[in-house]
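> Turn this into a model:
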Amino acid sequence: MPLRLLLSCCALLLCCALLTACPPVDGAGDALLGDGTQDVALELPCGDGLCAGPAESAATCPRDCPADCGDGLCTAGEFCAVCAADCDCDTLAATPPMGWNSWNRFGCDINEELIKQMADALVSEGFASAGYNYLNLDDCWQASRAEDGSILEDPTAFPSGMAALADYVHGKGLRFGLYTCAGTQTCQQRPGSFGFEEQDAASYAAWGVDYVKVDWCFTKGMDRQQRYAAMHEAIVKAGRPMILSICNWGIDQPWSWGPQYGQLWRTTIDIMDTWASMLYNFLGTEAHADAAGPGHWNDPDMLEVGNGGLDAAEARAHFSLWAMLAAPLIAGNDLRALDEETKAILLNQEVIAVDQDPLGVAAKRLSGEGVVGVWARPLAAQGARAVVLFNGSAQPQLLGFQLSDLGLQGEDAVLRDLWLHQDLPDQGPSFQRQVEPHSAVLLKVLGTD
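Have a look, this model is predicted:
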């Protein structure tokens, strides 16, 4: 049995065991979260409904001051892909990459026309304007090597070549990504990059590639750090900024060394289109929150939203958890065939804003255990937090938190439900909600540090 399939089966068995061992949780932890900002003395009280005085802005008082692209502040849902005027576009992957990848839905059944249609759909269906700006081909685009060692695309599936396809994608205002493998072959037994790192990176740069995913098949006896260092050095030498996505399935703790070489690293085995697989990858990632930050992200693998294995509530929970992890949001579906409910999940700008928050701090657990609990992360705006109440079990759970658990002072805060798109009635210093099975409640909290 292939190693990746064996690991996936073991993961599903472990997660199924977790699902049967989740007692109700009705308390909240006492962990405090800092938001990395300095205290600012406001001339007028934040929360009075007026954005006035030199100290009030979208960053210091988001309750009163809306964010506007062009105001010089990168906050409140702004990030490079949607507001280059205010946000960091120089740091590679300053926020988690967003886009689409071919593997989850199409596997090896890819060709030039399909990829062009996906590029068209990213634009026409509103994904590009929401921040999904990387279009990535996974395995099976390559066929062989030329006599001089140059990597060659499949001439039947991609008759125009990769450079022409990259030009098409770039012409849509998108960025273009390719897949390779650190071993002698890719996972689907196409030519790997072992020993050809410099040559392949030079080809990618010449074609206009912006993102390179490097898998870990056919690597017996190889050292992970050495192989990913080799590709990192090859990309630097090629002279074109390209995201390096490390995909060695979480083996050998890539969160501890991955930031030296790439912009993201897989924390787990491949995701599958099941609730149990999603849970396994979430739990395998949330424990490494401290490793995430601008330019270096934990990657629990691509999104399965829209592939049919999750119902609407589960898909919203999946998307909520990835946003709280500050994970890459890489769709893996057929963009041409999504229903309106699925598009509404993937295009929820308030949830995307949590994922893309420029502070880049991933969520940590406040309370609960296993697949039931409360997680929170600080946001860039002063006094802002994101909180998810998550119930991965098969029974309803009463979940909640205190404002003090979030490092917020007093009893006054504005809570907004990011799926209902509405502010909630005054809750006082605490919040509780019964969360249905396989569901999540995602909140934005605006209070006083």
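> so which helix or strand takes in the residue of the chain most remote from its centre?
Relative to the C-alpha centroid of the chain, counting by CA atoms, centre = their mean, Glu147 is the outermost residue, at 39.0 Å. Following DSSP states H and E, one finds Glu147 outside all helices and strands.
> And it, its phi and psi?
phi -60, psi -30 (degrees, to the nearest 10).
> what's the pLDDT at it?
pLDDT for Glu147: 97.
> Check Cys74 too.
Looking at Cys74, its pLDDT stands at 82.
> I'd guessed it sits against Thr91; true?
No. Judged on CB atoms under 8 Å, Cys74 makes no contact with Thr91 at a distance of 11.6 Å. For the C-beta atoms, the positions are set from N, CA and C on the backbone; glycine is no exception.
> mind checking how far the residue positioned nearest the centre of the chain is from Gly383?
Centroid-nearest residue in the chain, with CA atoms, centre = their mean: Pro328, separated by 2.0 Å. Look at Pro328 and Gly383: by CB to CB, to the nearest Å, they are 27 Å apart.
> same thing with Pro191?
The gap separating Pro191 from Gly383 is 53 Å, by CB to CB.
> swap in Leu329?
Leu329 is 25 Å from Gly383, by CB to CB.
> Just the CA trace of the helix or strand hosting Tyr179, in PDB.
Using DSSP H and E, Tyr179 sits within strand 175-181. Only the C-alpha atoms of strand 175-181 are listed here, as PDB (Å, rounded to 0.1, in the frame of the first residue of the first chain):
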ATOM      1  CA  ARG A 175      -0.700  34.000 -10.700                       C
ATOM      2  CA  PHE A 176       0.400  30.700 -11.900                       C
ATOM      3  CA  GLY A 177       1.600  27.700  -9.900                       C
ATOM      4  CA  LEU A 178       3.100  24.300 -10.800                       C
ATOM      5  CA  TYR A 179       3.800  21.000  -8.900                       C
ATOM      6  CA  THR A 180       6.900  18.900  -8.700                       C
ATOM      7  CA  CYS A 181       8.400  16.400  -6.300                       C
END
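> So which bits of whichever helix or strand comes after that strand are buried?
The helix or strand immediately downstream of strand 175-181 is helix 197-207, counting by DSSP H and E. By 16 or more other CB atoms under 10 Å, the buried positions in helix 197-207 come out as 197-205, 207.
> now the angle from helix 197-207 to strand 175-181?
On the basis of axes from the mean of the first three to the mean of the last three CA atoms, to 10 degrees, helix 197-207 is oriented at 160 degrees to strand 175-181.
> Mind listing residues that contact helix 197-207?
Helix 197-207 has contacts (CB atoms under 8 Å, 6 or more residues apart in numbering) with 149-151, 161-163, 166, 176, 178, 180, 193, 212, 230-231, 233-235, 237-240, 242.
> if we can go back for a sec, just want to know which of Cys74 and Thr91 has more residues nearby.
Higher neighbour count among Cys74 and Thr91: Cys74, with 27 against 12, using other CB atoms under 10 Å.
> Am I right that that one sits in a helix?
No. Under DSSP: H, G, I helix; E, B strand; the rest coil, Cys74 sits outside any helix and is assigned coil.
> and it, what does it touch?
By CB under 8 Å, 6+ apart, the residues touching Cys74 are 83, 86-88, 358, 380.
> ok, for it, nearest residue in space, not its chain neighbours?
Distance criterion CB to CB, 6 or more residues apart in numbering; nearest residue to Cys74, sequence neighbours excluded, is Cys87 at 3.8 Å.
> what's the answer for Asp120, then?
Nearest residue to Asp120 in three dimensions, chain neighbours excluded: Lys172, at 7.2 Å (CB to CB, 6+ apart).
> For the closest residue in space to Asp299 that isn't next to it in sequence, give me its contacts.
Nearest residue to Asp299 in three dimensions, chain neighbours excluded: Leu264, at 4.4 Å (CB to CB, 6+ apart). Contacts for Leu264 (CB under 8 Å, 6+ apart) come out as 93, 96-97, 243, 245-246, 258, 296-299, 328.
> Redo those residues as JSON lines? Include distance to Gln225, secondary structure and pLDDT.
Shown next, in JSON lines, are those (distance: CB to CB, whole Å; DSSP: H, G, I helix; E, B strand; the rest coil; pLDDT from 0 to 100):
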{"residue": "Ala93", "distance to Gln225": "20", "secondary structure": "coil", "pLDDT": "97"}
{"residue": "Pro96", "distance to Gln225": "23", "secondary structure": "coil", "pLDDT": "98"}
{"residue": "Pro97", "distance to Gln225": "22", "secondary structure": "coil", "pLDDT": "98"}
{"residue": "Ile243", "distance to Gln225": "19", "secondary structure": "strand", "pLDDT": "98"}
{"residue": "Ser245", "distance to Gln225": "16", "secondary structure": "strand", "pLDDT": "98"}
{"residue": "Ile246", "distance to Gln225": "10", "secondary structure": "strand", "pLDDT": "98"}
{"residue": "Gly258", "distance to Gln225": "9", "secondary structure": "helix", "pLDDT": "98"}
{"residue": "His296", "distance to Gln225": "15", "secondary structure": "strand", "pLDDT": "98"}
{"residue": "Trp297", "distance to Gln225": "18", "secondary structure": "strand", "pLDDT": "98"}
{"residue": "Asn298", "distance to Gln225": "17", "secondary structure": "strand", "pLDDT": "98"}
{"residue": "Asp299", "distance to Gln225": "17", "secondary structure": "strand", "pLDDT": "98"}
{"residue": "Pro328", "distance to Gln225": "21", "secondary structure": "coil", "pLDDT": "98"}
